[in-house]
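>>> just need the structure, nothing else, for what follows:
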Amino acid sequence: MTTDFVATTTIYSWKQEDNRLARRRKRKSRRRQEGRRILEHIPQYSIESGEDKPVTAARKFIHAEGIMPPALLLVKRNEHTTDRYFWAEKGLFGAQYVEENHFLFPSLRSFESPTVTVSAPVQLTVQAPASLSVSELVAVTVN
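Residues are numbered from 1 along each chain as shown. Reported below is the predicted structural model:
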């Protein structure tokens, strides 16, 4: 009987341990999601860092290829890690920073989602020259 009790309490404590170690769901920032959507439309370049540090490899690649901003560089550090950089007019930035602060970069403003504009009907009154006939006036208003 004592072995059954020990086995039951051990299983229960493992379940508690699993619940504590379970990852919480990460909150997704709307601002960062918007920045990520904007960066999807930017030209991307994938490179390997080789012997250099990822930032150095990105800078060398930019200067060697003559890449014009804006551009997104994916620098593979090793088989598991890839660093993301954004090449802007003012320099090289981490892509996560740019995602969160995309509104600070003028080159990304053309890629932002358009704001909703409400159009109101406009009435125009144009004085037609006296030399036009009625049929010519109708043709002018239709076009």
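>>> where in the protein is pLDDT low?
For the chain, the stretches with pLDDT under 70 are 1-22, 112-143.
>>> mind listing the strands for it?
For the chain, the strands defined by DSSP state E cover 44-48, 71-76, 82-88, 91-94.
>>> packing partners of the last one?
Put plainly, it is strand 91-94. Strand 91-94 is packed against helix 54-65, strand 82-88, with contacts defined by 3 or more Cβ pairs under 8 Å, 6 or more residues apart in numbering; DSSP states H and E. Bear in mind the C-beta positions are built from the backbone N, C-alpha and C, glycine included.
>>> now render the ones you listed as CSV, adding distance to Ser29 and mean neighbour count.
Shown next, in CSV, are the helices and strands packed on strand 91-94 (distance: least, Cβ to Cβ, whole Å; neighbours: other Cβ atoms under 10 Å):
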stretch, distance to Ser29, mean neighbour count
helix 54-65, 24, 16
strand 82-88, 17, 20
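>>> can I get these in JSON lines including distance to Arg109?
Compiled in JSON lines, the helices and strands packed on strand 91-94 are given as follows (distance: least, Cβ to Cβ, whole Å):
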{"stretch": "helix 54-65", "distance to Arg109": "22"}
{"stretch": "strand 82-88", "distance to Arg109": "12"}
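>>> for Leu108, which of the strands of the chain is the nearest?
Smallest distance to Leu108 across these (Cβ to Cβ): 8.3 Å, for strand 82-88.
>>> so how far is Lys26 from the residue lying closest to Glu89 once chain neighbours are set aside?
Of all residues not flanking Glu89 in the chain, Pro69 sits nearest, at 5.1 Å (Cβ to Cβ, 6 or more residues apart in numbering). Applying Cβ to Cβ, to the nearest Å, the value for Pro69 to Lys26 is 30 Å.
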